[in-house]
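A.B. asks: Any chance you could fold what I've pasted below:
(chains A and B)
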There are 2 protein chains.
Amino acid sequence: MEQLKQRIQEEGKIRGTNEILKVDSFLNHQIDVAFLAQIGQAFRDRFDGCQVDRILTIEASGIGIACLAAQAFGNVPVVFAKKNRTKNIAGDVFISQVESFTQSKRPYNIFVSKEFLKPGEKVLLIDDFLANGSALSALIDIVRQAGAQVVGAGIVIEKAFQPGGQRIREQGVRVESLARIQEMSEETGVQFCE
Amino acid sequence: MEQLKQRIQEEGKIRGTNEILKVDSFLNHQIDVAFLAQIGQAFRDRFDGCQVDRILTIEASGIGIACLAAQAFGNVPVVFAKKNRTKNIAGDVFISQVESFTQSKRPYNIFVSKEFLKPGEKVLLIDDFLANGSALSALIDIVRQAGAQVVGAGIVIEKAFQPGGQRIREQGVRVESLARIQEMSEETGVQFCE
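C.D. replies: The predicted structure follows:
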């Protein structure tokens, strides 16, 4: 998606080499709602002809993207996996663990109420970033626990220099990333995959 | 908002008396995007004639509501306060503490990057629930730290039997709640304020 690449080039803040990319000005902290609607439409175009009954994402940054994408998919219901099992999620939940690849973070569980994922449903996964693929793998696991079917994953930005995308595609899951970063550094900026 | 009250009556799950109300089927876990667009329009009607430059909310449940409301306000930018100061929020941030009124939860800080709140801006606050008002008070504090102006707060569900709404209105902040609950119990269901 050309306009997304431009905004990453212009507004993205890089730290280190192949480490941190901040896109807080339109995606992760401040949200440009009109632009997210275009992103939603781009996902619709990528998954043209696919039946999508439901969108599943993970809190927090995925929620806005998923809601705007849902409009492009005919207002299908959105469900967001929760990171804390609050008293507001009681009873029967699907649980999966998100591994962590950084020393500073521990693995954590995510939760989806069994009420909101049904056997046979065709589920599109949406998330902001794909790097090591640990959050996406946990979402896929939850869809499978439910007996539902993963249509694919719509990702805004894939760090293609990290192994998540390849690992998940090798499982047979279709991954559509609107911008795939080959490498990035403070000195040379962002290079996208062809 | 009549349709909201109906959905609370039909889909809300109550535990205890004046304790927990779950509206996970359309607001807090599964999201009904078309209904959220109506909620956004209802906020626009309540704040008719008011200039709104920006919507500020708090992760996670506020994000979807704020994004859909932003569309009704001409696609103004949304900013969501973060509960964890990640490496993705570096440098200059406004910080405010959210008090906790339950023994099981500790107070926590919320963060908004100074880049995304500017002096003089007219800011509409959006959140799903208003009970003790601690999250909303922290958002108001952050807007004031920025030298920006609170237009008001658009709340989906106010637990009017808790003191937050009154406390915040007494500060001179306009609070518009689409459903105000007078009392609720497992036995008698939900009674709304007149």
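
A.B. asks: Skipping its backbone neighbours, what lies nearest the spatially most central residue of chain A in space?
C.D. replies: Centroid check for chain A by C-alpha atoms, centre = their mean gives residue A:127 as the closest residue, at 1.3 Å. Nearest non-adjacent residue to residue A:127, counting by C-beta to C-beta, 6 or more residues apart in numbering or on different chains: residue A:62, 4.9 Å away. In short, each C-beta sits where N, CA and C put it, glycine included.

A.B. asks: One more: residue A:27?
C.D. replies: residue A:128 is the one closest to residue A:27 (C-beta to C-beta, 6+ apart), at 5.8 Å.

A.B. asks: Now the lengthiest helix in chain A: buried residues?
C.D. replies: Across chain A, the longest stretch assigned as helix under DSSP state H is helix A:33-46. Residues A:33, A:35-37, A:39-44 are the ones in helix A:33-46 that count as buried (16 or more other C-beta atoms under 10 Å in any protein chain shown).

A.B. asks: ok, of the residues you listed, which one's closest to chain B?
C.D. replies: residue A:33 (4.4 Å; C-beta to the nearest C-beta).

A.B. asks: Contact partners for that closest one?
C.D. replies: A:64, A:68, B:67, B:70-71, B:75-78 (C-beta atoms under 8 Å, 6 or more residues apart in numbering or on different chains).

A.B. asks: Do you have the strands of chain A handy? List them.
C.D. replies: A:13-15, A:20-22, A:30-31, A:54-58, A:78-81, A:93-98, A:108-113, A:122-130, A:149-159, A:175-185, A:189-192 (DSSP state E).

A.B. asks: Need those in a markdown table (columns: mean pLDDT).
C.D. replies: As requested, the strands of chain A are exported to a markdown table (pLDDT from 0 to 100):
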| stretch | mean pLDDT |
| --- | --- |
| strand A:13-15 | 94 |
| strand A:20-22 | 94 |
| strand A:30-31 | 98 |
| strand A:54-58 | 98 |
| strand A:78-81 | 98 |
| strand A:93-98 | 95 |
| strand A:108-113 | 95 |
| strand A:122-130 | 98 |
| strand A:149-159 | 98 |
| strand A:175-185 | 98 |
| strand A:189-192 | 98 |
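
A.B. asks: May I have the distance across stretch A:10-22, first residue to last?
C.D. replies: Taking C-alpha to C-alpha, to the nearest Å, stretch A:10-22 runs 11 Å from one end to the other.

A.B. asks: What is the most widely separated pair among the buried residues of helix A:33-46?
C.D. replies: Within the buried residues of helix A:33-46, A:33 and A:44 form the most distant pair, 16.5 Å apart (C-beta to C-beta).

A.B. asks: Give me the nearest residue to residue A:153, chain neighbours excluded.
C.D. replies: residue A:125 (4.2 Å).

A.B. asks: so what's that neighbour up against?
C.D. replies: A:55-57, A:136, A:139-140, A:143, A:150, A:152-154.

A.B. asks: Only whichever of the residues you listed are buried, select them in ChimeraX.
C.D. replies: For the buried members of the contacts of residue A:125, the matching ChimeraX selection, counting by 16+ other C-beta under 10 Å, is:
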select /A:55,56,57,136,139,140,143,150,152,153,154
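
A.B. asks: from the contacts of residue A:125, which is closest to residue A:120?
C.D. replies: residue A:143 (11.3 Å).

A.B. asks: Next up, the contacts around the closest one.
C.D. replies: Per C-beta under 8 Å, 6+ apart, neighbours of residue A:143: A:56, A:117, A:123, A:125, A:149-150.

A.B. asks: rerun that using 6 Å as the cut-off
C.D. replies: A:123, A:150 (C-beta atoms under 6 Å, 6 or more residues apart in numbering or on different chains).

A.B. asks: What separation do you get for it and residue A:153?
C.D. replies: 10 Å (C-beta to C-beta, to the nearest Å).

A.B. asks: returning to that earlier point: could you say which one of the strands of chain A comes nearest to residue B:110?
C.D. replies: Among these, strand A:30-31 sits nearest to residue B:110 (C-beta to C-beta), with 15.0 Å.

A.B. asks: Residues touching that closest one, excluding its own?
C.D. replies: Counting by C-beta under 6 Å, 6+ apart, A:64, B:77-79, B:116 sit against strand A:30-31.

A.B. asks: Just among those residues, which is most surrounded?
C.D. replies: residue B:78 (29 neighbours; other C-beta atoms under 10 Å in any protein chain shown).

A.B. asks: still on that earlier bit, in this structure the residue nearest to the centre of chain A contacts residue A:61, no?
C.D. replies: No. In this structure residue A:127 lies outside contact range of residue A:61 using C-beta atoms under 6 Å: 7.9 Å.

A.B. asks: Between those two, which contacts overlap?
C.D. replies: Counting by C-beta under 6 Å, 6+ apart, nothing touches both residue A:127 and residue A:61.

A.B. asks: I'd like to know which residues of chain A are adjacent to chain B.
C.D. replies: A:22, A:29-31, A:33-34, A:59-60, A:63-64, A:67, A:70, A:75, A:77-79, A:88, A:113, A:116 (C-beta under 6 Å from any C-beta of the partner chain).

A.B. asks: ok, back up a step: burial check on the residue nearest to residue A:27, number of neighbours?
C.D. replies: Count around residue A:128 with other C-beta under 10 Å applied: 21.

A.B. asks: quick one, what contacts it?
C.D. replies: Here residue A:128 is in contact with A:27, A:61-62, A:65, A:156 (C-beta under 6 Å, 6+ apart).
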